[in-house]
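[1] Sequence first, predicted coordinates after that:
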Amino acid sequence: MADEAPDLAEVRLDKLRQIEALGIDPWGHRFDGTTPIGEIRKLPAENFADDKQGPTVRAAGRVVRMRTGGKLVFLEIWDQTGRVQVMLRVNKLTETEWKVVQLLDFGDLIGVDGEFGKTRTGEPTIQATKLTFLTKSLEPHPKDTSGMSDEEYRLRHRYLDMIYTPDTLRRAQQRVKIIRTIRNHLDNLGYLEVETPTLHAVAGGAAARPFETHHNTLGLDLFVRIALELPLKKLLVGGLEKVYEIGRVFRNEGISKKHNPEFTMLELYAAYGDLFSIMELTEGLIVACVDALGGNRNLPYGDRTVNFEPSFLRMQYADLMREHAGCDMLDRDAVRQAAVAAKLKLELRDEKTGAVTAKEHDVLVHELFEHKVEPALAKLDRPVFVYDYPAALCPLTKRKRENPALAERFELYVFGMELANAYTELNDPITQEQTFAQQLAGMAEEDSMAKMDHDFIRALRHGMPPAGGLGIGIDRLVMLLTNTQTIRDVILFPLLRPEAK
């Protein structure tokens with residue numbers, strides 16, 4: 001077990017052949033009755049002594065550290081619950097087992113039976129009385145590192161990253177716990193989890209650029225879904241009054257610390273609900289996820305702390321625009337003047353024709369909100385619901401009865417990051433069709449990122465109950481609750497550029 005030799009692929013392959021020559025299968029076999037290492041470490045452990053016998057244990061794991069001392073070898077094995085030291089003595093193992101010890105490399109998988117106790121230095125240790133070889137690693141592993149520093153290497157070798165970067169494994173486990181909590185919380189409230197199609201004939205439910213594909217048998221061009229929304233609303237028509245889906249969504253757009261082309265969404269719809277009933281549900285759901293992770297409701301994020309104690313802040317879009325952008329969002333002249341003061345571009349160039357036209361009022365309002373309001377929201381240390389959006393920004397949202405220029409919509413922001421989006425759903429098929437038509441006016445439908453979905457309109461015409469709906473980006477929620485600064489570290493296998501050759 002020289003320091004460098006185990007990292008050479010040809011040396012590892014030669015060791016595999018030597019293991020085979022001992023009559024041992026280097027790819028292992030069934031190995032029952034193991035106890036997770038994390039549980040073993042909780043057992044009572046006293047110093048090893050000839051006149052006392054500690055607990056007998058069986059463990060399996062990956063070799064992540066080795067040091068030899070002639071007739072005594074110490075190594076560490078790792079599983080998803082932790083690490084433990086293993087002590088291997090020549091006089092405690094069979095001759096064949098000791099030969100196997102000499103052929104071990106970083107990354108090999110082994111099983112050990114033995115006594116659990118402590119060494120003279122107080123280190124919890126399994127003193128092995130039997131060694132079982134389970135799998136040979138033919139590629140080099142990092143040598144006893146507490147974290148892999150090269151980000152590109154980590155992302156391309158996520159399987160190694162999970163072994164050698166404790167935070168990566170922790171985040172993966174916490175993500176599972178968060179999603180399980182969401183399911184349990186919604187199930188207990190009477191929601192039904194469903195699955196809807198990933199391939200759509202119309203890319204609807206959001207303004208986003210889809211991935212396109214083709215079904216050979218039907219000769220049909222299809223889109224990979226950009227949202228879960230429209231099929232779920234059809235289920236409301238069909239009588240499922242509380243329904244949700246946690247599913248993958250695909251958008252052929254940019255990559256950043258907060259965006260990955262493939263991501264996970266929760267969408268839910270509740271018949272006879274509205275914006276404010278969904279607001280209460282959202283708050284309860286997120287607090288349940290915070291509580292599931294243990295600790296208190298003040299969670300670190302970067303160098304700051306988020307206070308998740310209910311009730312979350314609630315602020316109206318119009319009030320925030322007046323306070324931070326200095327204008328009434330419905331006043332066209334005031335919005336344009338504020339845009340000039342903020343040095344925003346007032347023109348829009350058509351990508352195909354090159355023609356330059358003045359930006360629509362609602363586009364400028366949205367840009368002002370991003371430029372002026374979102375930085376102010378980022379300074380708050382509590383989640384904030386921003387509600388009553390301009391109707392022009394919300395084609396799938398019911399208008400306020402007392403002011404049709406506003407839509408019954410909220411977005412939940414934490415440190416300026418949009419975490420959730422919710423509506424009082426538009427269930428009027430006449431208005432919905434008109435809204436789609438207005439968005440598509442002056443352009444071919446295939447050029448628009450907001451499609452006319454005639455089948456959805458037809459479903460609405462059969463009668464969808466008044467409803468509230470919610471969408472939460474699961475990846476961003478996991479980022480926030482696990483103190484992770486980039487979405488690529490909460491997605492196990494993020495999309496990467498082709499590997500340089």
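    On my side now, so go ahead. Note that this is a predicted model, so its numbers are computed, not measured.

[2] Quick one: residues in contact with the helix or strand that contains Leu320.
    For Leu320, the element it lies in under DSSP states H and E is helix 317-320. Applying CB atoms under 8 Å, 6 or more residues apart in numbering, the contact partners of helix 317-320 are 328-330, 369, 373, 376-377, 386-390, 406. Heads up, the C-betas are built off the backbone N, CA and C, glycines and all.

[3] And these, which is closest to His29?
    Leu377 (56.8 Å; CB to CB).

[4] residue ranges with poor pLDDT in this protein?
    For the chain, applying pLDDT under 70 flags the ranges 1-7, 144-147, 350-352, 354, 356, 439-451, 501.

[5] Give me the distance between Lys258 and Leu104.
    Taking CB to CB, to the nearest Å as the measure, Lys258 falls 43 Å from Leu104.

[6] repeat for Leu406
    In terms of CB to CB, Leu406 sits 68 Å off from Leu104.

[7] before we move on, the earlier item: between Lys258 and Leu104, which one's more packed in?
    Leu104 (23 against 15; other CB atoms under 10 Å).

[8] Tell me if I'm right that the more buried one and Met66 touch.
    Yes: judged on CB atoms under 8 Å, Leu104 makes contact with Met66 at a distance of 6.6 Å.

[9] name the helices or strands packed onto the helix or strand hosting Arg183?
    Assigned by DSSP H and E, Arg183 falls within helix 166-188. Packed against helix 166-188, as judged by 3 or more CB pairs under 8 Å, 6 or more residues apart in numbering; DSSP states H and E, are the following elements: helix 158-164, strand 192-193, strand 242-250, helix 275-292, helix 474-481.

[10] looking at the ones you listed, which is closest to Glu212?
    Of all the helices and strands packed on helix 166-188, strand 242-250 sits nearest to Glu212, with 10.5 Å by CB to CB.

[11] what packs against the very next helix or strand once past the closest one?
    Of the helices and strands lying after strand 242-250 in sequence (DSSP H and E), the nearest is strand 262-271. The contact analysis (3+ CB pairs under 8 Å, 6+ apart) places strand 262-271 against helix 229-237, strand 242-250, helix 275-292, strand 467-473, helix 474-481.

[12] Mind listing residues that contact strand 262-271?
    182, 186, 191, 227-229, 232-233, 235-236, 241-251, 277-278, 281, 425, 465-475, 487, 491, 495.

[13] same question, stretch 150-158
    Met148, Leu160, Asp161, Thr165, Thr168, Arg488, Leu492, Phe493, Pro494, Leu496, Glu499.

[14] and with 10 Å instead?
    The contact list for stretch 150-158, computed with CB atoms under 10 Å, 6 or more residues apart in numbering, reads 139, 141-142, 147-148, 160-165, 168, 172, 486, 488-489, 491-497, 499-500.

[15] buried subset of those?
    141-142, 148, 160-165, 168, 172, 488-489, 491, 494 (16 or more other CB atoms under 10 Å).

[16] Can you give me the domain boundaries for this structure?
    Listed domain ranges for the chain are 5-144, 164-312+382-489 (source: automatic domain parsing).

[17] could you redo the ones you listed as TSV and give each row distance to Leu346?
    Putting these into TSV (distance: least, CB to CB, whole Å) gives the following:
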stretch	distance to Leu346
domain 5-144	53
domain 164-312+382-489	17
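
[18] closest to Leu344 out of those?
    domain 164-312+382-489 (16.2 Å).

[19] Can you get me the start-to-end distance on the closest one?
    Its start and end residues considered, domain 164-312+382-489 measures 14 Å (CA to CA, to the nearest Å).

[20] And for stretch 157-169?
    13 Å.

[21] Give me the distance from it to the chain's centre.
    Chain-centre distance of stretch 157-169: 16 Å, with CA atoms, centre = their mean, to the nearest Å.

[22] Please spell out which residues along stretch 99-108 are buried.
    Val100, Val101, Leu103, Leu104, Asp105, Phe106, Gly107, Asp108.

[23] oh sorry, the question was meant for stretch 216-223
    Per 16+ other CB under 10 Å, stretch 216-223 contains these buried residues: Leu222, Phe223.

[24] who's in contact with it?
    Stretch 216-223 has contacts (CB under 10 Å, 6+ apart) with 197-204, 209-215, 250, 252, 451.

[25] Next: stretch 353-366.
    317, 321, 325, 327, 329-333, 335-336, 338-340, 342, 344-350, 367, 389-394.

[26] mind listing which of these are in strands?
    Counted as lying in strands by DSSP state E, out of those, are Glu347, Leu348, Arg349, Tyr389, Pro390.

[27] Could you give the number of residues near the residue lying closest to the second one once chain neighbours are set aside?
    Right, the one you point to is Leu348. Excluding its sequence neighbours, the residue lying closest to Leu348 (CB to CB, 6 or more residues apart in numbering) is Lys359, at 4.9 Å. The tally of other residues near Lys359 (other CB under 10 Å) stands at 17.

[28] And Lys359, how close does it get to Glu367?
    Lys359 is 8 Å from Glu367, by CB to CB.

[29] Can you check which residues contact both of the two?
    Shared contacts of Lys359 and Glu367 (CB under 10 Å, 6+ apart): Ala339, Leu344, Lys345.

[30] show me the contacts for the first one.
    This points to Ala339. 325, 327, 345-346, 359, 361, 363-365, 367-368, 371-372.

[31] which other residues reach stretch 377-384?
    Here stretch 377-384 has contacts from 282-283, 286-287, 298, 301, 304-315, 320, 324, 369, 386, 410-420, 480, using CB under 10 Å, 6+ apart.

[32] Let's see which of the residues you listed end up in strands.
    298, 301, 304-307, 313-315, 386, 410-414, 417-420.

[33] Now list the buried members of the residues you listed.
    Buried among these (16+ other CB under 10 Å): Tyr301, Val306, Met315, Val386, Phe410, Glu411, Leu412, Tyr413, Val414, Met417, Leu419, Ala420.
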